[in-house]
Structure formats: C-alpha cells, structure tokens
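Peer 1: Predicted coordinates and the sequence they were generated for:
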Amino acid sequence: MIKVSPSILSADFANLARDIEKIASADYVHVDVMDGLFVPNITIGIPVVKAIRPTTALPLDVHLMIERPVRYVEQFCDAGADIVTCHVEADSDENTREALAKIHARGKRAGVVIKPKTPAEAVLPFLGDCDIVLVMTVEPGFGGQSFMADMMPKVAQLRRWIDERGLGCELEVDGGVSLKTRDACVEAGANVLVAGSAVYGADDIPGRIAALRG
C-alpha cells in the first residue's frame, strides 16, 4: 500500500491546525525542520511540533534537516514525533547510529535521509537499524522544486537491498512529488510519498491524497 505524507511546509503557518485537519485522510504529517546551517533555510522546531501534536491523530513524520541531529532527537520524540529521520550527511556515522538508538529508545520509528548527490551506499551502514529510509528527489531546503527523475535508480537500488535483507523498512521520497511523478516513484519501489504543494495546492485535498495513493 502506498502512503501519503503531506508536507506542512506548504501549509498556511498562521493556520496550521486548520491545514493539518485538511489532510486528515493522509497517512502521515510530514514536518520539515531546517536550521539554516545544514540547509540554507530556517523553518520550525520543537515548540511547533509540540503545538501541533494535539491537533491530529496522524503520525508526525519529522524530517530533521539540521546539523548534528543526535543533539535533539530525544526532544523531538518527547514533543510528539512518531517518526524521526536524520541526514547521513549531517554527522559522523557513530553519531548517526546513536541518534537512531535514541529514537528507538523513546519507542519511536527512526530513519536516515540522503541528499541527491549522496550515493545509495551511504545508507548501508544504518539500513538494519532503520524503520524508514528517505531519498530526497530535490536539494533539501526549500519547497516547490522540480522533481529529479535521475534519483529513481537510487530508490530502486535501496528497494532491492531492503527486500533482499527481508527488512520491514519503508522507503520514502521527498521533493517534487505530484500526480505526474508519483508513478515513477512507486515503480522504483517507494511506498511513502511526501508531497507539499501538490497536496495543498489542490482544490480537493482529500481527492488529491487519494489520487497520489493510487
């Protein structure tokens, strides 16, 4: 089954509770956390995650685009995140493993993320400890970018590794996902689709979520 995780980066930040209610038929709520260091943009942090937690029964899918996420993963879990993903490029392998362990110790799902220029092999040291792997199909930092179709072989390679190892790991794609690009993602092996403007820009948001799910 294909899952849809709408990104609230495309929501109205003055009306987050209202806009999260609009995506109630989705599977996850995707929360993009940016620190202005790892990526050239600043979005939201722990207080906002805590504030939106009571507004939805959906799992909060928190994507940390921050330097040295091991410093903050426990606080995001305590604020209400259900899934926390960390970029492999943001810290040492040792600290990334520690971050995954801290997330699991809080009883939450953990995963790693790779940017477009990072090879699929960078995931291998962590794959057995991941509940989810996220492949960026745009350069992280801003919403509304064009989908990078040349990331699909990377997604397919990760799907092969996950299946060969018999892992229950989800495979997520984020960036430029729309009705035009969703088939390529699914055919490559992704089962979680992050979509921001493709969802929030629709006249019929539940209908758009259903169409993305397929």
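Peer 2: Perfect, I can see it now. Numbers count the residues shown, from 1 in each chain.

Peer 1: in this structure, which spans are strands?
Peer 2: Ranges of strands within the chain are 3-6, 29-34, 60-65, 83-87, 109-114, 132-136, 170-174, 192-195, based on DSSP state E.

Peer 1: Just put those in a markdown table and tack on mean neighbour count, mean pLDDT and distance to P206.
Peer 2: Where C-beta positions appear, they are placed from N, C-alpha and C, glycine not excepted. Listed next are the strands of the chain as a markdown table, based on neighbours: other CB atoms under 10 Å; pLDDT from 0 to 100; distance: least, CB to CB, whole Å:
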| stretch | mean neighbour count | mean pLDDT | distance to P206 |
| --- | --- | --- | --- |
| strand 3-6 | 26 | 98 | 11 |
| strand 29-34 | 25 | 98 | 15 |
| strand 60-65 | 26 | 98 | 19 |
| strand 83-87 | 28 | 98 | 22 |
| strand 109-114 | 23 | 98 | 25 |
| strand 132-136 | 26 | 98 | 24 |
| strand 170-174 | 26 | 98 | 21 |
| strand 192-195 | 27 | 98 | 13 |
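
Peer 1: Can you name the residues that contact the spatially most central residue of the chain?
Peer 2: The residue lying closest to the centre of the chain (CA atoms, centre = their mean) is H63, at 5.0 Å. Contact partners of H63, counting by CB atoms under 8 Å, 6 or more residues apart in numbering, are 30-33, 85, 113, 134, 174, 194.

Peer 1: swap the cut-off to 10 Å and go again
Peer 2: Taking CB atoms under 10 Å, 6 or more residues apart in numbering, we find H63 in contact with 5, 7, 9, 30-34, 81, 83-87, 111, 113, 134, 136, 140, 172, 174, 194.

Peer 1: Mind checking the strands of the chain for the one nearest to I103?
Peer 2: The minimum distance between I103 and the strands of the chain falls on strand 109-114, with 3.7 Å, by CB to CB.

Peer 1: Show me what the closest one pairs with in its sheet, parallel or antiparallel.
Peer 2: Here strand 109-114 is paired, per DSSP bridges, with strand 83-87 (parallel), strand 132-136 (parallel).

Peer 1: Could I get those strands in a markdown table, plus columns for distance to P40?
Peer 2: Listed next are those as a markdown table, based on distance: least, CB to CB, whole Å:
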| stretch | distance to P40 |
| --- | --- |
| strand 83-87 | 14 |
| strand 132-136 | 15 |
